[in-house]
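Peer 1: Structure for this input, please:
(2 chains)
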Protein chains: 2
Amino acid sequence: LNKKNRKGFRKIFLGLHGYEQSQLFSAFDFEQRKLVYTFISPEELANVFDDTEEDPGEMGKYLDEMSDSYVSRLLTEMYTDNVVDIFTNIRPIKRKKYLGLLHTDEANQVRKLIHYEDETAGSLMTTEFIAVNEDQTIGTAMQHVKREAQYAEIIAYIYVTDDVNKLVGVLSVRDLITHPDDVKVTDIMATRVLAVDVNEDQEAIAEQVRDYNFVAIPVVDETEKIVGIITVDDIIDVIDEESAEDYSHLAGVDTETISHNPFQTALKRLPWLITLLFLGMLTATLINHFEGLLSQVSVLAIFISLITGTAGNAGTQSLAVAVRRLATNSHLKIARLILNEVATGIIIGIVTGLCVFVMVGVWKQNFLLGAVVGTAMAGAIFVANLAGSLIPIGMEKIGVDPAVASGPFISTLSDLTSVLIYFNIAQYFLQLFMK
Amino acid sequence: LNKKNRKGFRKIFLGLHGYEQSQLFSAFDFEQRKLVYTFISPEELANVFDDTEEDPGEMGKYLDEMSDSYVSRLLTEMYTDNVVDIFTNIRPIKRKKYLGLLHTDEANQVRKLIHYEDETAGSLMTTEFIAVNEDQTIGTAMQHVKREAQYAEIIAYIYVTDDVNKLVGVLSVRDLITHPDDVKVTDIMATRVLAVDVNEDQEAIAEQVRDYNFVAIPVVDETEKIVGIITVDDIIDVIDEESAEDYSHLAGVDTETISHNPFQTALKRLPWLITLLFLGMLTATLINHFEGLLSQVSVLAIFISLITGTAGNAGTQSLAVAVRRLATNSHLKIARLILNEVATGIIIGIVTGLCVFVMVGVWKQNFLLGAVVGTAMAGAIFVANLAGSLIPIGMEKIGVDPAVASGPFISTLSDLTSVLIYFNIAQYFLQLFMK
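Peer 2: Presented below is the predicted three-dimensional model:
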């Protein structure tokens, strides 16, 4: 495929979709890439760089392999948001060098975009949008769109601005082609334009785009001037990223970074495990404290793992529900959520406790023991359930993303509270009935 | 807002975006909705029904409140995919009645769509797309688009078909407006069109749309005829739905259906908890089996929850990683994943085991006990880790969605194996050193 056969390679490669090209390109080795740089023009390769799903830092490394003029033409042709993505993922010294290769205009735009904080509208947006002045007619607007279409990332919406560049309306390309040339833009544009602030958080933007079914949303600065647009493909990446983050947090491990080296994989999981090990040691110390009771009534040991395990499961459930509710519902009444969880915890605790009371009572032919284990189970579940919802709510209140409260953390914490409840109840019953 | 003031209400309501209208509409009570049906034409209300994020079954109930002719005009104006969504969520008798209110053409289309299986391309697609014949020129194609634009759900792509309706190419609206009228469609269209089969699974389609950054993807039947398109807004809903499903499964609870009744909430969580309770009872029985050992060396009881808890955490981590890998990477080498997990399990087991050995040894001034707990910990982690990846892989092999293997299940299962390993090792050490 990739010999000195320039023509054949170009024919096949350029016939592919940008994403397929990028997959092929990423699979090439250094020598093959060198060949690609001579076969494929930088303008053509820009398509590959725009459509890749690879890590931007990786893409940045390829720039070092190209000549300066090749890099310059490549970056100029790419959409600004993708250039910024690469630039924020390479070392500052390289960034400075590549910025020098861009035209002053473009370099200034990129410089501005780089400074927006990660995970905000500014860092997601692209500046290649189409805007027309409100004084124009459909005919002149259409001429403008025809000229700009090849540079714009998306042409579904044409934004309408006033003389100081303030966003005053929006037209769809559908409006544009279905109305006669002499109609004024202001007569058919929608004047209620939903726009997001450059500093808005990406999760909130993703929610808006999803709810409103937009393919792009305009971004405005503090003076309501339009400074960019965020397109739906970037929004999909945000949604993917956020849900992968939630999933990873629930499991207490980063599930997205793939490493084929077991040492690295282990290194990624150990910190959290060892941290929880200390919490687990606390539980062990607690049981140790009750060793007297335990040696007196050794049958109690049999049900430690039953109680801690079930309470941990209930806690994980309630944690997951609370995290999702906080994430998907911003107008949530916290008091109501807590009240609902308290009631749910009581019901689940009582039902499970009764089951355990019967099971243990019948099995051990000892309903006093059944009562101890059942009551402890009910209490442990209630506390774990409450902790599962209070911890994420508390984190949200102090401004920490509640998704960092993980399932393993809740179940290890509930081990501690469960043991505490179990042995105290056992001791109480013992004093009550045995003496 | 909603008095006899028809004009004022129309002005405000129609100025809102469809999604906002639908939110407002859902908040109305029966009397208010009755008023809406007289103030707002069915064609205008179709916009509300198309853009809602509410449950389609709920939307279906509103149809009962309208007159037959109102329903007929409303459903005719709505996009077919949304009509189908509602129809699949209402009772068959109602469905039949409403189908009778549609024009024969439309009714037949809806009937066909209803029969596609849930979660396939057929059930997601809409039939409102724009297609032109390959013999046309840009000029005639543009005329066609202008006529059809108001009916199409999205006009970003114009599909090109041959005389028997087979999909042979695609044009973007950008191509259409930037090329002169006399150019032939076949000269500028892209001939490599990515299309999905009507029976394709929604998760695979979502992946394609995400990777290729499409705003819509065409759906073809077995004869390669184009039968519909799936738009990016429906893809976003699929992505949301699938990730919420994965999250729910990991937590062992449906986190999406919100209920404000604690009894219902409890009822949703109890089945899984009680099931796991039986598994937990098995573990209790196992500990019971070792009661002799336990009463002899009562210090062993102290570390039960430490070992089961830590192994459960490691198992949950490895489960989450395996589920995500299976979901996001279809070309995965299973053997490699297992080998990597085995190696990771060994490393994590040894490191954690050593930590525990030292901690227990120092604390209890008994390094033999430290060795027992440490070795048991290493073994329990290794087994839990392996189970965490083997169970989802095995489920994938037998065709079950691996995401149904939940964190609580893995940690409860690992309680059992951990206890088994712990007491066997303790017994072995005891025989070795004590006798």
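Peer 1: before we move on, what SS does A:I154 have?
Peer 2: coil (DSSP: H, G, I helix; E, B strand; the rest coil).
Peer 1: and it, what pLDDT?
Peer 2: On pLDDT, A:I154 comes in at 81.
Peer 1: Likewise for A:K112?
Peer 2: For A:K112, pLDDT reads 84.
Peer 1: Helix or strand: which one has it?
Peer 2: helix A:104-114 (DSSP states H and E).
Peer 1: Tell me which residues are up against that helix.
Peer 2: Residues outside helix A:104-114 that contact it (C-beta atoms under 8 Å, 6 or more residues apart in numbering or on different chains) are A:75-76, A:80-81, A:83-84, A:87-88, A:95, A:99-100, A:102, A:122-123, A:125, A:127, A:228. C-betas here are computed from N, CA, C, even on glycine.
Peer 1: That one: how far from the chain's middle?
Peer 2: Here the centre of helix A:104-114 is set off from its chain's centre by 27 Å, with C-alpha atoms, centre = their mean, to the nearest Å.
Peer 1: can you pull the buried residues of that helix?
Peer 2: A:106-107, A:109-110, A:112-114 (16 or more other C-beta atoms under 10 Å in any protein chain shown).
Peer 1: Quick check: the farthest pair among those residues?
Peer 2: Farthest-apart pair in those is A:E106 and A:I114; separation 12.6 Å (C-beta to C-beta).
Peer 1: in stretch A:12-23, what counts as buried?
Peer 2: Result for stretch A:12-23 [16+ other C-beta under 10 Å]: buried residues A:13, A:17-23.
Peer 1: actually stretch A:40-54, not the one I typed
Peer 2: A:40, A:42, A:44-52.
Peer 1: Export the residues you listed as a markdown table, with columns for pLDDT.
Peer 2: Shown next, in a markdown table, are the buried residues of stretch A:40-54 (pLDDT from 0 to 100):
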| residue | pLDDT |
| --- | --- |
| A:I40 | 87 |
| A:P42 | 89 |
| A:E44 | 88 |
| A:L45 | 90 |
| A:A46 | 89 |
| A:N47 | 86 |
| A:V48 | 88 |
| A:F49 | 88 |
| A:D50 | 87 |
| A:D51 | 86 |
| A:T52 | 85 |
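Peer 1: Can you tell me which of these end up in helices?
Peer 2: Counted as lying in helices by DSSP state H, out of those, are A:42, A:44-51.
Peer 1: what's near enough to touch the closest residue to A:N82 other than its chain neighbours?
Peer 2: Closest residue to A:N82 apart from its sequence neighbours, by C-beta to C-beta, 6 or more residues apart in numbering or on different chains: A:D50 at 5.3 Å. Residues near A:D50 by C-beta under 8 Å, 6+ apart: A:18, A:78-79, A:82.
Peer 1: In ChimeraX, how would I select just the buried ones from the residues you listed?
Peer 2: The ChimeraX selection below is limited to those of the contacts of A:D50 classed as buried (16+ other C-beta under 10 Å):
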select /A:18,78,79,82
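Peer 1: Identify, from the contacts of A:D50, the entry nearest to chain B.
Peer 2: A:G18 (7.9 Å; C-beta to the nearest C-beta).
Peer 1: do you know how far the closest one is from A:E44?
Peer 2: 10 Å (C-beta to C-beta, to the nearest Å).
Peer 1: ok, now A:Y151?
Peer 2: Distance from A:Y151 to A:E44, by C-beta to C-beta: 16 Å.
Peer 1: repeat for A:L286
Peer 2: For A:L286 relative to A:E44 (C-beta to C-beta), the value is 67 Å.
Peer 1: Likewise for A:V84?
Peer 2: 21 Å.
Peer 1: Then A:N366?
Peer 2: In terms of C-beta to C-beta, A:N366 sits 80 Å off from A:E44.
Peer 1: Stretch A:260-277: which residues count as buried?
Peer 2: So stretch A:260-277, judged by 16+ other C-beta under 10 Å, has buried residues A:262, A:265-266, A:268-270, A:272-273, A:276-277.
Peer 1: repeat for stretch A:94-106
Peer 2: A:95, A:98-99, A:101-102, A:106.
Peer 1: pLDDT averaged over that stretch - what is it?
Peer 2: Rounded mean pLDDT across stretch A:94-106 is 86.
Peer 1: Please apply the same query to stretch A:128-142.
Peer 2: Stretch A:128-142 carries an average pLDDT of 91.
Peer 1: what sits up against it?
Peer 2: Against stretch A:128-142 from outside (C-beta under 8 Å, 6+ apart): A:79-80, A:144-145, A:148-149, A:151-155, A:157-163, A:168-169, A:171, A:176-177, A:179-186, A:188-189, A:216, A:218, A:226, A:228-229, B:177.
Peer 1: buried ones in that stretch?
Peer 2: By 16+ other C-beta under 10 Å, the buried positions in stretch A:128-142 come out as A:128-133, A:136-138, A:141-142.
Peer 1: Please narrow those to those residing in strands.
Peer 2: Members of the buried residues of stretch A:128-142 lying in strands (criterion: DSSP state E): A:131-133.
Peer 1: quick one: stretch A:311-329 to chain centroid distance?
Peer 2: Using C-alpha atoms, centre = their mean, the offset of stretch A:311-329 from its chain centre is 17 Å.
Peer 1: any idea where the helices of the stretch 201-350 of chain A begin and end?
Peer 2: Assigned by DSSP state H, counting those that start in this stretch, the stretch 201-350 of chain A shows helices spanning A:202-212, A:232-251, A:262-289, A:291-296, A:304-328, A:334-364.
Peer 1: close to chain B, is the third one?
Peer 2: Yes - residues of helix A:262-289 contacting chain B under C-beta under 8 Å from any C-beta of the partner chain: A:262-263, A:265-266, A:269-270, A:272-274, A:276-277, A:280-281, A:283-284, A:287-288.
Peer 1: Could you tell me which residues make contact with A:D29?
Peer 2: By C-beta under 8 Å, 6+ apart, A:D29 has no neighbours at all.
Peer 1: per-residue confidence for it?
Peer 2: Reported pLDDT for A:D29: 86.
Peer 1: residues contacting the residue lying closest to A:D68 once chain neighbours are set aside?
Peer 2: Taking C-beta to C-beta, 6+ apart as the measure, A:D68 lies nearest to A:L101, with 5.8 Å between them; neighbours along the chain are not counted. A:L101 makes contact with A:68, A:71-72, A:75, according to C-beta under 8 Å, 6+ apart.
Peer 1: again with A:D162
Peer 2: Applying C-beta under 8 Å, 6+ apart, the residues near A:D162 are A:133-134, A:168.
Peer 1: Closest one of these to chain B?
Peer 2: Distances from chain B to these, taken by C-beta to the nearest C-beta, are shortest for A:V168, at 14.9 Å.
Peer 1: What parts of the stretch 1-150 of chain A come near chain B?
Peer 2: Applying C-beta under 8 Å from any C-beta, we find that the stretch 1-150 of chain A lies next to chain B at A:15-19, A:51, A:53, A:142, A:145-146, A:149-150.
Peer 1: Show me where the stretch 301-435 of chain A dips below the pLDDT cut-off.
Peer 2: By pLDDT under 70, the low-scoring segments of the stretch 301-435 of chain A are A:329-332, A:403-405, A:434-435.
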